[in-house]
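K.L.:
sequence first, predicted coordinates after that:
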Amino acid sequence: MSHNTLGNGEWLLVGSSLFSQDGSVEFKMQGDGKIAVYWGGQCRFQNTPAQRSDIKGIKMQEDGNLCMYDNNGNPVWHTNTVGSTSNSTVICAVQNDGNVVLYKGTPIWTSKTQK
């Protein structure tokens, strides 16, 4: 795993972060069970308002869905991009412009957090 992407089958576990190539944007799997996008010291995106202490992390699934799982293996949040792959690689990338984007050649989901 590189510092700014998740590929098929890779996890971002609680307490871990990915950073944009220039280091200005952080995509973080927080201990409160939220994924968040930060830049300039401000949170620009969170996936859910509810705090949870039972979250394992997020996985870039082979089916094209970025999915958050609890410690029991239950999905609790996803990007609703399942089936977008047609056996192609999907990459979750943290970009210098502040967006987190799922790519299957072209964008299929974005956090809509551009600077």
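P.N.:
Okay, I see it. Numbers count the residues shown, from 1 in each chain.

K.L.:
OK, contacts around the residue nearest to residue 39 when sequence neighbours are not counted?
P.N.:
Distance criterion C-beta to C-beta, 6 or more residues apart in numbering; nearest residue to residue 39, sequence neighbours excluded, is residue 25 at 4.6 Å. C-betas here are computed from N, CA, C, even on glycine. Residue 25 sits next to 19, 37-39, 94-98 when contact means C-beta atoms under 8 Å, 6 or more residues apart in numbering.

K.L.:
make it 7 Å
P.N.:
Each residue near residue 25 by C-beta atoms under 7 Å, 6 or more residues apart in numbering is listed here: 19, 37, 39, 94-96, 98.

K.L.:
strands of the protein, start to end?
P.N.:
Per DSSP state E, the chain carries strands over the ranges 5-6, 11-13, 17-19, 25-29, 35-39, 42-46, 55-60, 66-70, 75-78, 91-94, 100-104, 106-110.

K.L.:
touching, residue 7 and residue 90? I think so.
P.N.:
No: with contacts counted by C-beta atoms under 7 Å, residue 7 stays clear of residue 90, the gap being 8.0 Å.

K.L.:
compare these two and say which is more crowded by neighbours.
P.N.:
More neighbours surround residue 90 than the other of residue 7 and residue 90, with 24 against 14 (other C-beta atoms under 10 Å).

K.L.:
apart from its chain neighbours, what residue comes closest to residue 67?
P.N.:
Of all residues not flanking residue 67 in the chain, residue 78 sits nearest, at 4.2 Å (C-beta to C-beta, 6+ apart).

K.L.:
test my guess that the one you found contacts residue 63.
P.N.:
No: with contact defined as C-beta under 7 Å, residue 78 does not count as touching residue 63 (10.1 Å).
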